[in-house]
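In: Sequence first, then the predicted structure:
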Amino acid sequence: MSWRHYLTDARTGELITPIDIPSFSWQMTVSDFGFTTQQKNLGDIDESNLTLPWSALNADTPAERNHLLSMGRRALCSAWVFDGVADKRGTPIMWGALGEREDTWLDTTFPVYSPLTLMGSRYAIRDGVFKDMKSTDTVSWTGLSYRGLASNLIDLATNQKNGGTLPFDCTYVNEAGNHQRTNYQAWNVQNLDIKSLLTNLANVQGGPDMTFRPYWSDDKHVRCRFLAGSDA
């Protein structure tokens with residue numbers, strides 16, 4: 001049994017190359033995760049740091065290294081390989097986008113942002129609704145389940161944004177239920193980040209547990225499926 005790690009495209013989930021991470025530690029809650037390689041620039045569960053020796057990369061020049069570890073364009077998928085696993089790449093456990101690097105002569109350190117953390121920089125606002133820095137636009141939904149509302153928020157912040165696609169499955173878009181949200185007003189942008197809105201939905205009475213779970217969508221791609229409990 002062992003871990004295997006892969007660099008992927010952060011927007012499409014396309015596999016780029018395996019990467020050697022000799023040792024690391026990880027922790028996971030229902031909705032988020034964190035992992036580190038050593039006691040250096042340790043992050044919390046929302047911003048974990050990996051420190052890698054340059055020798056771990058199949059790259060010889062600074063340009064090749066920048067290509068492999070490009071901030072915002074690359075992600076890391078960690079998979080667990082065990083006896084009898086159907087896919088020899090392993091079962092994906094964690095996926096996160098790479099952040100800005102701090103390089104030395106010997107190694108590089110960078111944060112890995114989980115799907116939930118990425119949603120902290122996405123907002124429940126439609127493209128093109130601001131004019132002269134002002135907007136009266138309101139996003140609202142009625143007659144949906146809690147996880148349907150959550151899926152619609154994720155979809156709005158990714159697939160409905162120009163250039164905003166991430167390899168996320170918004171599993172329960174428009175799932176029927178008895179709930180509504182009519183208060184996503186564009187002028188209140190500072191309070192409309194998707195991570196906060198998902199957390200609010202999870203914390204209401206009867207709110208569901210939520211998580212993003214990576215999986216191999218085909219032999220060349222990994223995606224993250226949004227999963228949440230039903231209203232029942």
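Out: Great, that's in hand. All values derive from a computational prediction rather than experimental measurement.
In: Neighbours of residue 63, how many?
Out: 9 (other C-beta atoms under 10 Å). Bear in mind the C-beta positions are built from the backbone N, C-alpha and C, glycine included.
In: For stretch 79-98, give me every contacting residue.
Out: 1-6, 8, 10, 26, 28, 33, 35, 48, 69-78, 110-115, 117-118, 212-216, 222, 224 (C-beta atoms under 8 Å, 6 or more residues apart in numbering).
In: Show only the entries of these found in strands.
Out: 2-6, 8, 26, 28, 33, 35, 48, 74-78, 110-113, 212-216, 222, 224 (DSSP state E).
In: that older thread, and the contacts of stretch 79-98, which of them are buried?
Out: The neighbour count (16 or more other C-beta atoms under 10 Å) marks 4-6, 8, 10, 33, 35, 48, 69, 74-78, 110-115, 117-118, 212, 214, 216, 222, 224 as buried among those.
In: quick one: residue 148 from residue 4, how far?
Out: 35 Å (C-beta to C-beta, to the nearest Å).
In: Scan the protein for its longest helix.
Out: helix 146-157 (DSSP state H).
In: which element follows it toward the C-terminus?
Out: strand 168-169 (DSSP states H and E).
In: mind listing what that following strand pairs with, with the direction of each?
Out: Here strand 168-169 has these sheet partners by DSSP bridges: strand 221-228 (parallel).
In: The strand it pairs with - what's its average pLDDT?
Out: Averaged over strand 221-228, pLDDT sits at 96.
In: Residues in contact with that strand: which ones?
Out: For strand 221-228, the external contacting residues (C-beta under 8 Å, 6+ apart) are 6, 8, 12-15, 77, 92, 95, 115, 146-147, 150-151, 154, 166-172, 208-217.
In: Buried ones among those?
Out: Here, 16+ other C-beta under 10 Å leaves 6, 8, 13, 15, 77, 92, 95, 115, 146-147, 150-151, 154, 166-170, 172, 208, 210-212, 214, 216 buried among the contacts of strand 221-228.
In: Quick check, residue 102 in contact with residue 111.
Out: No - contact criterion C-beta atoms under 8 Å: residue 102 and residue 111 do not qualify, at 9.7 Å.
In: Now list whatever residues contact both of these two.
Out: Common neighbours of residue 102 and residue 111 (C-beta under 8 Å, 6+ apart) do not exist.
In: in the chain, what residue sits furthest out from the centroid?
Out: Residue farthest from the centre of the chain, counting by C-alpha atoms, centre = their mean, is residue 132 at 31.7 Å.
In: Pull the contacting residues for residue 229.
Out: Here residue 229 is in contact with 147, 208-210 (C-beta under 8 Å, 6+ apart).
In: for residue 147, same thing?
Out: Per C-beta under 8 Å, 6+ apart, neighbours of residue 147: 171-172, 175, 208, 210, 228-231.
In: quick check: mean pLDDT across stretch 55-74?
Out: On average, stretch 55-74 scores 88.
In: residues in contact with it?
Out: 7-11, 16-17, 19-22, 54, 97-101, 108, 110.
In: Show me the shaky parts of this structure.
Out: 30-48 (pLDDT under 70).
In: could the contacts of residue 229 go into a markdown table alongside secondary structure and distance to residue 87?
Out: Formatted as a markdown table, the contacts of residue 229 follow (DSSP: H, G, I helix; E, B strand; the rest coil; distance: C-beta to C-beta, whole Å):
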| residue | secondary structure | distance to residue 87 |
| --- | --- | --- |
| 147 | helix | 27 |
| 208 | coil | 29 |
| 209 | coil | 26 |
| 210 | strand | 25 |
